[in-house]
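Student: fold the following for me, if possible:
(chains A and B)
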There are 2 protein chains.
Amino acid sequence: MEATAHSIGLVEPQTLHVDDPLDLDCGKQLSQFNLVYETYGTLNADRSNAVLICHALSGNHHAAGYHSENDAKPGWWNKCIGPGKMIDTNRFFVVSSANLGCYNGSTGPGSTNPETGRHYGPDFPVVTVGDWVRSQNLLRAHLGIDRWAAVVGGSLGGMQVMQWSIDYPDRVAHAVVIASAPKLSAQNIAFNEIARQAIVTDPDFHEGRYYEKGVVPRRGLMLARMLGHITYLSDDAMRAKFGRDLRAGRINYGFDVEFQVESYLRYQGESFVTRFDANTYLLMTKALDYFDPAYETGGRLAEAFEPATARFLVISFTSDWRFAPARSREIVDALVDAGKQVAYAEVESDLGHDDFLLTMPHYANTMKAYMSRVAAEVGA
Amino acid sequence: MEATAHSIGLVEPQTLHVDDPLDLDCGKQLSQFNLVYETYGTLNADRSNAVLICHALSGNHHAAGYHSENDAKPGWWNKCIGPGKMIDTNRFFVVSSANLGCYNGSTGPGSTNPETGRHYGPDFPVVTVGDWVRSQNLLRAHLGIDRWAAVVGGSLGGMQVMQWSIDYPDRVAHAVVIASAPKLSAQNIAFNEIARQAIVTDPDFHEGRYYEKGVVPRRGLMLARMLGHITYLSDDAMRAKFGRDLRAGRINYGFDVEFQVESYLRYQGESFVTRFDANTYLLMTKALDYFDPAYETGGRLAEAFEPATARFLVISFTSDWRFAPARSREIVDALVDAGKQVAYAEVESDLGHDDFLLTMPHYANTMKAYMSRVAAEVGA
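Tutor: From the prediction side, this is the model:
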């Protein structure tokens, strides 16, 4: 797991502790909080080569590299971040933090509430994309970075990128918005609502206080993840991957797993339970639901983008039915209407929403070319 | 609720009791069973004007009319069956039965197992579309009908229509297959599997023996129905119906219902629990998963249709993403390949899969014209 030509090797998370209260969009405050983050690559002398990575629903700070020699899996975006990769750690200083509300380092519902001495649980406030960006901006200042060379994110991460461009225009040179949407559709919200209902109706949820009961709402979290997986994968990808293949090679006429796709989903659901927190899932889906930068401008997205000065790269994937290319084109159209500089790539793909985690040639080449220009601009 | 120009008024379910054992595709037998059914209109002298209605996942025998003067709701296809309607009860004798495995009259998991004296519960055998058609054929014989003027059904009902045309070619003059598919896709199966997992992981499921515990797995059934609803409605229909409208008119930043679409889904889920049985839901989704008439012919659907002599009408809806028009065209292509007579209508629609329950002009006109010719053929 040493750093090699293709891997950044071992990485270690760091923690920023903030003692100043953070005002949240919901009207509440966090009196103090931690943000856990990782960095990859080296900050250059004029501190101009920093790239912020914003994570999606099930992501965290561990975007690339390995935590130990025996680590079975690298960070969630290791395919795209590293030496010579799309986001080249030979040229950029890459920063990746876990959002508030997460469960493994940054302050979240599983953390101790200093006011009660108990887990926050359901008392952890609803956090928004705007809140995350506000907290990430404190991390930026802490690292002594005046302006991000780029802020980059896919899906919910792309929403944070847009918010950065609007809320801190002077702090973002390039905004890279991948497989995202300007706001959720009613159907998107509906899927989230079912996932949440699966969790909160699980008897082991205990109104969000399951930590104290020594249980986790595993049935609910499993269902939420299974449902998520259907929306991440395209129908074609499922057909290619599983078709109607029978697990036992023949029909058994029973309620055990019959088709390969059932087996896959159950596995995905069950393994998720061991590495994700149910309250965090609720918070992340709510942040998705609420994201709507045009809410304050009467639905006029172009007007919402007015303050932005960043140059944009928007990327979508043809097989993504969760955040289809049409949703990315809404972003592009609004940016064009607002007179912003925007490049758009619609990548032919098969797999669906999760394509943004991968490295198909059109996608990889577009990202590499764009990020290479960004690096050149800052002399990196 | 008297019969009027537009309604068939009050109707009364009847029951066919069968004492001969029925062989099922799973290899088991039902030693005896009931089929509950309703009829609308009058059988003509030569018994040639009978139309069989096959129901979909959440349907039953009560397709049209009212059960009492105070009935709030008519049968599930009342918009389309009645005097002067698409399926005109002034001309046809319409028969509608509840499939085996249902919960309100026909023998199903909530019925008493004569071998044990207990509810069948999980011991009720897995039933297939083929089994249903075999049992419906006994009802046909019981009613003294030699040949159906038409067999008609939407969604899972359309699958029964196809099976009728293959298994009993001499008994079906016209086969009307609406919003259906020749088999489920991996994505369709995945949605069914999540619905089933929601039910069977509900602690109140008690491995299917909840009847004896005096409970119902309401959380699981609610989630299953919410999920179903997303797949029945198009994204556009959800947008038109709910958009991102906030229930309270403003954002509350909480986990109560925030958007109208959440409120709608919870209502749909909760009301379903009071009128549907969880074991039936499991059986119906399994019948959907297993339907694949081309399984025995190595995937060659045209070959599976070889025995059919019926003339076909196939109808799909452009906004239906559950059983998209492409799936209906697979049926049409196979019928054409097999040299069968088939008419196909692709109806422009907004609402999605459940459009088949409604009466948009193109759909209503197509059905009326077709069924009118069917009636004329039999002198009705």
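Student: now A:V177: phi and psi?
Tutor: Phi and psi for A:V177, reported as degrees, to the nearest 10, are phi -110, psi 110.
Student: who are the contact partners of the closest residue to it other than its chain neighbours?
Tutor: Nearest residue to A:V177, sequence neighbours excluded (Cβ to Cβ, 6 or more residues apart in numbering or on different chains): A:G158, at 4.1 Å. Just so you know, the C-beta spots here come from the backbone N, C-alpha and C atoms, and that holds for glycine as well. With contacts defined as Cβ atoms under 8 Å, 6 or more residues apart in numbering or on different chains, A:G158 is in contact with A:54, A:177-181.
Student: against B:C54, how distant is A:L10?
Tutor: According to Cβ to Cβ, to the nearest Å, A:L10 stands 62 Å off from B:C54.
Student: for A:D19, that is, sorry about that
Tutor: 68 Å.
Student: neighbour count winner among the two?
Tutor: Set A:D19 next to B:C54 and count neighbours by other Cβ atoms under 10 Å in any protein chain shown: B:C54 wins out with 29 against 7.
Student: tell me who's in contact with the more buried one.
Tutor: B:132, B:136, B:151-153, B:156-158, B:160-161, B:164.
Student: contact distance from chain B - what residues of the stretch 251-380 of chain A qualify?
Tutor: Applying Cβ under 8 Å from any Cβ of the partner chain, we find that the stretch 251-380 of chain A lies next to chain B at A:251, A:253-255, A:258-259, A:261-262, A:265-266, A:269, A:282, A:286, A:289-290, A:292, A:295.
Student: give me every residue that touches the closest residue to A:S111 other than its chain neighbours.
Tutor: Of all residues not flanking A:S111 in the chain, A:Y120 sits nearest, at 5.9 Å (Cβ to Cβ, 6+ apart). For A:Y120, the contact set (Cβ under 8 Å, 6+ apart) comprises A:108-113.
Student: A:Y211 contacts A:S111, correct?
Tutor: No. In this structure, A:Y211 is not within contact of A:S111 by Cβ atoms under 8 Å, at 10.1 Å.
Student: what touches both of the two?
Tutor: Joint contacts of A:Y211 and A:S111 (Cβ under 8 Å, 6+ apart) are A:H119.
Student: sorry, back to before: filter the contacts of B:C54 down to the ones in strands?
Tutor: Per DSSP state E, strands hold the following members of the contacts of B:C54: B:151-153.
Student: thinking again about what came up before, ok, so of the contacts of A:G158, who is nearest chain B?
Tutor: Nearest to chain B out of the contacts of A:G158 is A:A181 (Cβ to the nearest Cβ; 11.6 Å).
Student: ok, and the closest non-adjacent residue to the closest one?
Tutor: Using Cβ to Cβ, 6+ apart, the nearest residue to A:A181 is A:R327, at 3.8 Å.
Student: what's the helix or strand for the one you found?
Tutor: Taking DSSP states H and E as the definition, A:R327 sits inside helix A:325-337.
Student: any low-confidence regions in the stretch 1-150 of chain A?
Tutor: A:1-5 (pLDDT under 70).
Student: please repeat the previous calculation with a cut-off of 80.
Tutor: The model of the stretch 1-150 of chain A has pLDDT under 80 over residues A:1-6.
Student: which stretches of it form helices?
Tutor: Using DSSP state H, counting those that start in this stretch, the helices of the stretch 1-150 of chain A run over residues A:129-142.
Student: and the helices in the stretch 251-380 of chain A?
Tutor: A:260-273, A:278-290, A:301-305, A:325-337, A:361-377.
Student: can you tell me which of the ones you listed is most buried?
Tutor: Comparing the helices of the stretch 251-380 of chain A by mean neighbour count (mean count of other Cβ atoms under 10 Å in any protein chain shown), helix A:278-290 ranks first with a mean of 24.
Student: so that helix versus helix A:129-142, what angle?
Tutor: Counting by axes from the mean of the first three to the mean of the last three Cα atoms, to 10 degrees, helix A:278-290 lies at 110 degrees to helix A:129-142.
Student: mind checking how far the helix holding A:R327 is from the chain centre?
Tutor: In terms of Cα atoms, centre = their mean, to the nearest Å, the gap separating the centre of helix A:325-337 from the centre of its chain is 20 Å.
Student: for it, packing partners?
Tutor: helix A:301-305, strand A:311-317, strand A:342-347 (3 or more Cβ pairs under 8 Å, 6 or more residues apart in numbering or on different chains; DSSP states H and E).
Student: deepest of the ones you listed, which one?
Tutor: Of the helices and strands packed on helix A:325-337, strand A:311-317 is the most buried (mean count of other Cβ under 10 Å), at a mean of 25.
Student: ok, residues contacting that strand?
Tutor: Under the contact criterion Cβ under 8 Å, 6+ apart, strand A:311-317 has outside partners A:165, A:173-180, A:323-325, A:327-329, A:331-332, A:335, A:340-347, A:349, A:351-353, A:355-356, A:363, A:366-367, A:370.
Student: and the closest residue to A:P74 other than its chain neighbours, how far is that from B:I81?
Tutor: Among residues not flanking A:P74 along the chain, A:Y66 sits closest, at 5.4 Å (Cβ to Cβ, 6+ apart). From A:Y66 across to B:I81, the span is 65 Å (Cβ to Cβ).
Student: out of those two, which sits in the busier spot?
Tutor: Neighbours were counted for A:Y66 and for B:I81 using other Cβ under 10 Å; B:I81 has more, 26 against 20.
Student: which one is A:R266 nearest to, not counting chain neighbours?
Tutor: Once flanking residues are discounted, A:R266 sits nearest to A:V257: 6.6 Å by Cβ to Cβ, 6+ apart.
Student: ok, that neighbour touching A:S263?
Tutor: Yes. Using Cβ under 8 Å, A:V257 is in contact with A:S263, at 4.7 Å.
Student: any common contacting residues for those two?
Tutor: Common contact partners of A:V257 and A:S263 (Cβ under 8 Å, 6+ apart): A:R247.
Student: so what's the residue lying closest to A:F259 once chain neighbours are set aside up against?
Tutor: Spatial nearest neighbour of A:F259, excluding adjacent residues (Cβ to Cβ, 6+ apart): B:I189 at 5.3 Å. The contact partners of B:I189, by Cβ under 8 Å, 6+ apart, come to A:244, A:259, A:261-262, B:289.
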